[in-house]
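1. sequence-free structure coming up:
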């Protein structure tokens, strides 16, 4: 544990986050190659990310810091689908929303949170993706899932001042006061997976990374119990971050001419 007092650690956290406001994550570890598909290929779009947002507050006094996760009614699968459909259509590909199914949903921890995706797909996960693609006659998959704030997922962009166990969509407030706008983070992985008769292979991935501050943020009466109506302000902001993540991932996709 750091030897610095909580106030110093909190100040460092706030400064580190402020320096990254508005910056998209540049991290995209190997593999990061181009996937080439025939025109008309069906591309499955799969969501494994829960409709949740986690609030982490870094207070001046360590005992006053806290974490709380809110369950939202956001249609994450539909938001993911909307973020990729136009790009796929412009390439002459067909986007198809696909449910992950029971087996892949159960394997989410191993296929995302516990996986070192920079080294490719775990063998069992590749098998599950290939099976899913076969049931829908898909030539590729785009899959969104949670990641952790650690080096295996975020690489050099991980936030050392924040807990490694943070995952998914998060917002972080600092010790400056309840009225300071929190920073949004997308601790998520988006995968581009090619599928052939030989199996499924990870072609590229994109880490969600850092977002902007919470635009128009009003200080809540109770920082530990933010009203649902106020949390709904985050939906278009995370939707924008999701689209940026998808756009960056799909630069690795092209169609054979």
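-> Good, I have the coordinates. Note that the structure is a prediction, hence the values are computed from the model and not measured. Numbers count the residues shown, from 1 in each chain.
2. and the one helix or strand residue 102 maps to, what other elements does it pack with?
-> Secondary structure assignment for residue 102, by DSSP states H and E: helix 101-106. Helices and strands touching helix 101-106, as assessed by 3 or more Cβ pairs under 8 Å, 6 or more residues apart in numbering; DSSP states H and E, comprise helix 123-136. Using the backbone N, CA and C atoms, a C-beta is placed for each residue, glycine as well.
3. one more time with 6 Å, if that's ok
-> For helix 101-106, there is no helix or strand it packs on, judged by 3 or more Cβ pairs under 6 Å, 6 or more residues apart in numbering; DSSP states H and E.
4. Could you list the buried residues of that helix?
-> By neighbour count with 16 or more other Cβ atoms under 10 Å, helix 101-106 contains the buried residues residue 104.
5. do stretch 63-81 as well
-> Going by neighbour count (16+ other Cβ under 10 Å), the buried part of stretch 63-81 is 65, 70, 72, 74, 76-77, 79-81.
6. TSV for those residues, including distance to residue 236?
-> Formatted as TSV, the buried residues of stretch 63-81 follow (distance: Cβ to Cβ, whole Å):
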residue	distance to residue 236
65	28
70	16
72	13
74	11
76	14
77	17
79	10
80	15
81	16
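7. So which residues of the stretch 101-250 of the chain form helices?
-> Using DSSP state H, counting those that start in this stretch, the helices found in the stretch 101-250 of the chain span residues 101-106, 108, 123-136, 151-154, 228-231, 234-249.
8. what's the offset of the helix holding residue 102 from the middle of its chain?
-> Counting by Cα atoms, centre = their mean, to the nearest Å, helix 101-106 is centred 19 Å from the centre of its parent chain.
9. Identify the residue spatially nearest to residue 57, adjacent ones excluded.
-> residue 173 (4.8 Å; Cβ to Cβ, 6 or more residues apart in numbering).
10. The one you found and residue 201: what is the separation?
-> 40 Å (Cβ to Cβ, to the nearest Å).
11. Leaving out chain neighbours, which residue sits closest to residue 87?
-> Nearest in space to residue 87, with sequence neighbours left out and distances taken as Cβ to Cβ, 6+ apart, is residue 250 at 4.9 Å.
12. no no, residue 34
-> residue 252 (5.3 Å).
13. List the residue ranges of this protein that fall below the pLDDT cut-off.
-> Low-confidence segments of the chain, defined by pLDDT under 70: 1-32, 176-179.
14. And the residue nearest the centre of it?
-> residue 188 (2.0 Å; Cα atoms, centre = their mean).
15. Now do the same contact list for the residue lying closest to that residue once chain neighbours are set aside.
-> Using Cβ to Cβ, 6+ apart and skipping the chain neighbours, the partner closest in space to residue 188 is residue 208 (4.0 Å). Going by Cβ atoms under 6 Å, 6 or more residues apart in numbering, residue 208 touches 186, 188, 245.
16. picking up where we left off before, in helices, which of the buried residues of stretch 63-81 appear?
-> 76-77, 79-81 (DSSP state H).
17. Switch the residues you listed over to TSV; also include distance to residue 61.
-> TSV is the format used below for those (distance: Cβ to Cβ, whole Å):
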residue	distance to residue 61
76	35
77	40
79	37
80	39
81	44
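18. Please identify which pair of those residues lies farthest apart.
-> Maximum pairwise distance among these (Cβ to Cβ): 9.6 Å, between 76 and 81.
19. Where do the strands of the stretch 1-150 of the chain begin and end?
-> 35-37, 42-47, 52-57, 66-71, 94-97, 140-146 (DSSP state E, counting those that start in this stretch).
20. The residue lying closest to residue 38 once chain neighbours are set aside - how many residues pack around it?
-> Spatial nearest neighbour of residue 38, chain neighbours left out: residue 256 (5.4 Å); criterion: Cβ to Cβ, 6+ apart. Using other Cβ atoms under 10 Å, residue 256 has 9 other residues around it.
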